[in-house]
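Provided below for reference: sequence and predicted model.
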Number of protein chains: 2
Amino acid sequence: MQPFFAQRFAKVEPSFIREILKVAVNPEVISFAGGLPNPEFFPSEALEVATAKVLQNKGNGALQYAATEGFGPLREYIAERYRSQHGMVVNPDNILITNGSQQALDLIGKVLVDEGSRLIIEEPGYLGAIQALSVYQPAFQGVSLNDDGPDLNELDALLAEPGHARLMYGVTNFQNPSGLSYSLEKRQAVAERLVRHNVLMVEDNPYGELRFEGEHLPPIAKLAPENVVLLGSFSKVVVPSFRLGWMLVPDWLRQKLTIAKQASDLHTNGFVQQVLYSYLQDNSLDAHIDRIRTVYGEQKKAMEQALLRHCPGLDFTRPEGGMFLWLRLPEHISAMELFNLSIKENVAFVPGRPFYVRPDILNTARFSYSGSDAATIEEGIGRFGRVIRQIL
Amino acid sequence: MQPFFAQRFAKVEPSFIREILKVAVNPEVISFAGGLPNPEFFPSEALEVATAKVLQNKGNGALQYAATEGFGPLREYIAERYRSQHGMVVNPDNILITNGSQQALDLIGKVLVDEGSRLIIEEPGYLGAIQALSVYQPAFQGVSLNDDGPDLNELDALLAEPGHARLMYGVTNFQNPSGLSYSLEKRQAVAERLVRHNVLMVEDNPYGELRFEGEHLPPIAKLAPENVVLLGSFSKVVVPSFRLGWMLVPDWLRQKLTIAKQASDLHTNGFVQQVLYSYLQDNSLDAHIDRIRTVYGEQKKAMEQALLRHCPGLDFTRPEGGMFLWLRLPEHISAMELFNLSIKENVAFVPGRPFYVRPDILNTARFSYSGSDAATIEEGIGRFGRVIRQIL
């Protein structure tokens, strides 16, 4: 058989992060490369209770084909949480359940992205979004991410282009990879531009609940609801294996996204939607999240202090939540070379290059603190410090 | 906000089957319209045991992010089943787990279908495949489905075209919608053409295990393994809500399909993969399937006899397995009109038109017998017979 591929897949190769993660599974390696939540906090006992309850109360009825849009009571729960946390008025009909928020990106690509469509994205930007949206072959336009959100001069320049982008993607809280968040002022400024220029923003928010410092800020979706698809996920706050995420969508997009979901896989696993809903009825999500963010906050502090001690003078971000921080190395240092040296010392991280759509920035790196305790962080950053001192 | 859509979605409208199914939920309606497995056979008690076992034995480890390709032991189980049932030598690495076989169709579209690519499909053909693949805008080419499989003269004519189709889609056992199967001779003839003309067939087989008459036939994937992606699903033999299907793929396609899966939703729910595997370890799938196919066989016989009694002279298919049979009405009768009259008599089915890519065939209809017992079938076909007699 002579192989053939669609043009959109002809040149696609596996991501090099997958290769890095393979190296990092060696038990002697201290890995800050992964982006995994700490499994210690997965509520397996409470979920066992919830699964038994669903199967005993609903029996076989819990196991049939289900609605494409998702399980009604779970959609109501999510809508109500937006109300109680942010004072947003959300119709549960506008919540669509997806297989993690990754699938929401695929559905958005299907419904909104033509080959060559301009698409604005932060730099650095979330790699999973670049991968999902690349399938639909947009022309990515990078906007530098400053410490308080996207650079407005660069954004305005892109929006002044004739036939400017109609779609923009960003992670507003504790971004993967940088750990950075949009300030309130930046949120307002972006919302104003979305409305003025008729742009739809995909506001991705998997980490927003994991704030360990500062105050919760409103989603841009609250400020410009017709111009935002807001993504959320239970992967980082309950469990990832259930693959349960959602999108809050404006009315004008709801039907086409539902059709795209139906074409893609009919509907998301209805059984685990009911199990998760039962868990949320019997347990306090807020209390659960409090435990997670307290520990992540301590781990972040441990990494910050270890970096200050072992790598004095190094520039890195100071996230107020989430799972990642971001190193900005001196310009002459290649993070890829640094990775190759570090792995010999049995410490791993992710070089920053794949997070850029303009791949000429080589001196950045992502470190995750969510999966390691303070002692491991101290040891791992100590090893990294020795490598850095060699290279400088 | 001024709406905008990608060109591929600009004209997409919800399927009219969704509208029909909405009408059919009225409890006074006897519905042969759905394509749902009978929930009586969902093993909810055994699955409750399996979920508890997975959570107790593996704890939080069962709930983390997991491999894109799927849960290893489940992939090995599927490979071993191909060996024991069909004598096929299958490497578990070539089994990729998907969200039902519907998602496999989306991934195949992503990796293999360019806008305007010719794609051969049976007529009538499976509507879910038409919907999933339409997203990638192929030029569908219909081949009439005869009682023993696709019409070879039509197939040969399409394969004689310069720049002929490289992709073909078909359901080889108890097709949805027609209930028809490929004979052994047709399987061999199709396999020979795939190899000779360098064509990849997507062989969809969700119903193959539900044979209640005759003998199991080899998949075309056994006859031409490099030229076939074989799809399978647990939806019809265990439970649909878990959304667990798979593809058996040739080596040359494996990596690109894995990348497409990762871009689409990272991986399929790892928890239910482990639960299903645990269920399959502790229970005989064969014994379970025996119960299902015995009942479906009885229900099919009840529908056959009711049709012969209440609608004498009507032409319909005689499936040897699966969930559907197919009416071929006199040419002057529109199944859509018949549907409108039938719904007034509180009986529903699916008019055949959406199953054609050349939508000029109006006189066919799909009836499902999987969800109704013999008495309900007798009553429902009795009502339908009164409508038919009115119209003839």
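Sure, I can see it. Numbering: from 1, shown residues only, chains lettered A, B, ... in the order given.

can you give the domain ranges for chain A?
A:7-42+A:287-391, A:62-282 (automatic domain parsing).

comparing those by mean pLDDT, which bottoms out?
For those, the weakest mean pLDDT is recorded on domain A:7-42+A:287-391, namely a mean of 92.

wait, isn't A:Ser178 in contact with A:Glu123?
No. Counting by Cβ atoms under 8 Å, A:Ser178 does not reach A:Glu123; the two are 9.6 Å apart. Every C-beta, even on glycine, is put in place using the N, C-alpha and C of the backbone.

wasn't A:Ile121 part of a strand?
Yes. According to DSSP: H, G, I helix; E, B strand; the rest coil, A:Ile121 belongs to a strand.

relative to chain B, how far out is it?
15 Å (Cβ to the nearest Cβ, to the nearest Å).

for that residue, which non-adjacent residue is spatially closest?
Distances taken as Cβ to Cβ, 6 or more residues apart in numbering or on different chains place A:Tyr169 nearest to A:Ile121, at 4.8 Å, with adjacent residues excluded.

that neighbour belongs to a strand?
Yes. A:Tyr169 forms part of a strand when assessed by three-state DSSP.

settle this for me: it is touching A:Glu122, isn't it.
Yes. At 7.5 Å, A:Tyr169 and A:Glu122 qualify as touching, with contact defined as Cβ under 8 Å.

looking at those two, which one has more neighbours?
A:Glu122 (28 against 25; other Cβ atoms under 10 Å in any protein chain shown).

the more buried one and A:Val143 touch, don't they?
Yes. At 6.0 Å, A:Glu122 and A:Val143 qualify as touching, with contact defined as Cβ under 8 Å.

so what sits against both of the two?
When contacts are counted by Cβ atoms under 8 Å, 6 or more residues apart in numbering or on different chains, A:Glu122 and A:Val143 have A:Pro150 as shared neighbours.

which residues in chain A form strands?
Per DSSP state E, chain A carries strands over the ranges A:30-31, A:95-99, A:118-123, A:139-146, A:149-150, A:167-171, A:200-204, A:228-233, A:244-248, A:315-316, A:324-328, A:347-348, A:350-351, A:364-368.

got TSV for those strands, with distance to A:Ser264 too?
Output for these, formatted as TSV (distance: least, Cβ to Cβ, whole Å):
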stretch	distance to A:Ser264
strand A:30-31	32
strand A:95-99	9
strand A:118-123	20
strand A:139-146	23
strand A:149-150	30
strand A:167-171	19
strand A:200-204	17
strand A:228-233	16
strand A:244-248	13
strand A:315-316	39
strand A:324-328	29
strand A:347-348	34
strand A:350-351	29
strand A:364-368	29
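
so which of the ones you listed gets nearest A:Leu276?
strand A:244-248 (5.9 Å; Cβ to Cβ).

for that closest one, packing partners?
helix A:72-86, strand A:95-99, helix A:100-112, strand A:228-233, helix A:270-282 (3 or more Cβ pairs under 8 Å, 6 or more residues apart in numbering or on different chains; DSSP states H and E).

what strands flank that strand, and is each parallel or antiparallel?
strand A:95-99 (antiparallel), strand A:228-233 (antiparallel) (DSSP bridges).

could you dump those to CSV with mean neighbour count?
Formatted as CSV, these follow (neighbours: other Cβ atoms under 10 Å in any protein chain shown):
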stretch, mean neighbour count
strand A:95-99, 26
strand A:228-233, 26
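
and the closest residue to A:Ala306 other than its chain neighbours, how many neighbours?
In this structure, A:Ala306 finds its nearest non-sequential neighbour in A:Ile381, 3.6 Å apart by Cβ to Cβ, 6+ apart. Residues lying near A:Ile381 (other Cβ under 10 Å) number 27.

check A:Asn146 too.
Look at A:Asn146: counted by other Cβ under 10 Å, it has 15 neighbours.

with adjacent residues omitted, what lies nearest to it?
A:Leu180 (7.9 Å).

contacting residues around that neighbour?
A:Leu145, A:Asn146, A:Asp147, A:Asp148, A:Gly149, A:Phe174, A:Thr317, A:Pro319, A:Trp326.

and it, how far from A:Glu123?
12 Å (Cβ to Cβ, to the nearest Å).

contact partners for A:Lys300?
Here A:Lys300 is in contact with A:Phe212, A:Pro319, A:Leu325, A:Tyr369 (Cβ under 8 Å, 6+ apart).

could these be laid out in CSV, adding neighbour count and distance to chain B?
Formatted as CSV, the contacts of A:Lys300 follow (neighbours: other Cβ atoms under 10 Å in any protein chain shown; distance: Cβ to the nearest Cβ, whole Å):
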residue, neighbour count, distance to chain B
A:Phe212, 20, 22
A:Pro319, 27, 21
A:Leu325, 24, 20
A:Tyr369, 29, 17
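
now for these: which two are most distant?
A:Phe212 and A:Leu325 (12.6 Å).

now the one residue sitting closest to the centre of chain A: how far from A:His288?
The residue lying closest to the centre of chain A (Cα atoms, centre = their mean) is A:Pro206, at 5.0 Å. In this view, A:Pro206 and A:His288 are 16 Å apart by Cβ to Cβ.

can you redo the strands paired with strand A:244-248 as JSON lines with distance to A:Val275?
What follows is those, written out as JSON lines (distance: least, Cβ to Cβ, whole Å):
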{"stretch": "strand A:95-99", "distance to A:Val275": "13"}
{"stretch": "strand A:228-233", "distance to A:Val275": "16"}
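
surely A:Val350 touches A:Pro177?
Yes. Assessed by Cβ under 8 Å, A:Val350 is found in contact with A:Pro177 at 7.1 Å.
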